[in-house]
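Mind looking at a prediction? Sequence and model below.
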Amino acid sequence: MTHALFLDFDGTLVEIVDRPDAVAVKPGVPETLTRLSAALEGALAVVSGRPIAFLDAKLEPFTPDAAGLHGVERRLAGVLHPCRPEEHPGLRRGIEGLHEALDPVENVIIEDKGCSVAVHWRMAPAEEGRAKGLVEDLAERLGSDYRIQYGKMVAEILPALSGKGPIIAKFMEEAPYAGKTPVFIGDDLTDENGFETVNRLGGVAVRIGDGETVARYRLPSVSALAKTLHGWADLGRVDFDGVPEA
């Protein structure tokens with residue numbers, strides 16, 4: 001059965017860097033993804049916490065199906081269902097408060113995504129307690145319509161119904177994904193939910209790097225994945241021969 005491939009972005013297609021806006025896609029990756037998408041009859045999507053517009057800018061000229069902001073926004077077959085910040089007035093006010101509290105703190109970064117907000121302390125690990133506390137306080141004030149998603153030295157507030165697992169499941173109901181075996185590749189806590197979903201759907205999960213995981217397979221690095229994707233594009237299919245088990 002043909003595979004449907006879902007790829008995380010940060011830590012998977014690109015290396016994680018100190019400043020989230022400074023990530024860089026290695027030369028040749030967009031071309032590899034273009035060839036692989038064609039081989040999979042278009043059943044390739046990028047599933048990320050980033051906005052879709054950011055993904056497009058980094059992956060150009062490749063413009064795949066995509067889920068951004070952990071599924072808050074999505075694009076399938078060229079039809080975009082965007083994030084609408086005006087539908088989140090409480091969150092918008094809360095983001096203003098985060099800026100007031102954290103802008104004076106050196107090297108703590110607030111990443112405003114419109115319908116979600118992420119606070120990064122990678123460059124200021126001593127500020128983890130303060131940053132997490134402010135995020136948790138805001139999430140509590142916002143109530144059950146929102147949740148916190150933790151990642152590698154980042155905490156993000158986003159709509160409660162979002163998640164990589166649910167959006168992968170939704171894509172799997174639509175052409176060209178329906179009837180295919182899902183494969184999801186990611187690297188972080190935010191991806192474990194997606195791994196659980198593809199496992200439940202009879203698919204295959206691949207973890208990039210170290211850490212406990214429910215994924216069946218593991219690749220050591222972003223570079224190792226790039227090499228694997230290039231090999232799959234040459235083969236014209238997904239093939240797990242030579243991919244180590246987790």
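Ah, there it is.

So which residue is smack in the middle of the chain?
The centre of the chain sits closest to residue 48, judged by C-alpha atoms, centre = their mean, with a distance of 2.1 Å.

For residue 59, see how far away the nearest residue to it once chain neighbours are set aside is.
If you skip the residues right next to it in sequence, residue 48 has residue 9 as its closest partner in space, 3.9 Å away by C-beta to C-beta, 6 or more residues apart in numbering. Just so you know, the C-beta spots here come from the backbone N, C-alpha and C atoms, and that holds for glycine as well. According to C-beta to C-beta, to the nearest Å, residue 9 and residue 59 sit 8 Å apart.

anything in contact with each of these two?
The contact sets of residue 9 and residue 59 overlap at residue 46 (C-beta atoms under 8 Å, 6 or more residues apart in numbering).

so who does the residue nearest to the centre of the chain touch?
Each residue near residue 48 by C-beta under 8 Å, 6+ apart is listed here: 8-10, 55, 66-68, 70.

How about residue 170?
If a contact means C-beta under 8 Å, 6+ apart, then residue 170 has 71, 74 as its contacts.

Could you tell me whether it really is in a helix?
Yes: with DSSP: H, G, I helix; E, B strand; the rest coil as the criterion, residue 170 is part of a helix.

what about residue 106, how many residues close to it?
Neighbours of residue 106 under the rule other C-beta atoms under 10 Å: 8.

So it sits against residue 121, correct?
No: look at residue 106 against residue 121 with C-beta atoms under 8 Å: they stay out of range, at 10.9 Å.

pLDDT score for the residue in the chain sticking out farthest from the centre?
Here the chain reaches farthest from its C-alpha mean at residue 104, the gap being 28.7 Å by C-alpha atoms, centre = their mean. Reading off the confidence values, residue 104 has pLDDT 96.

Is it in a helix, a strand, or coil?
coil.

What about residue 145, how many residues nearby?
For residue 145, the count of nearby residues is 11 (other C-beta under 10 Å).

Let me see the contact set for it.
159-160.

With residue 33 instead?
Residue 33 neighbours (C-beta under 8 Å, 6+ apart): 7, 44, 59, 62, 64, 229, 233.
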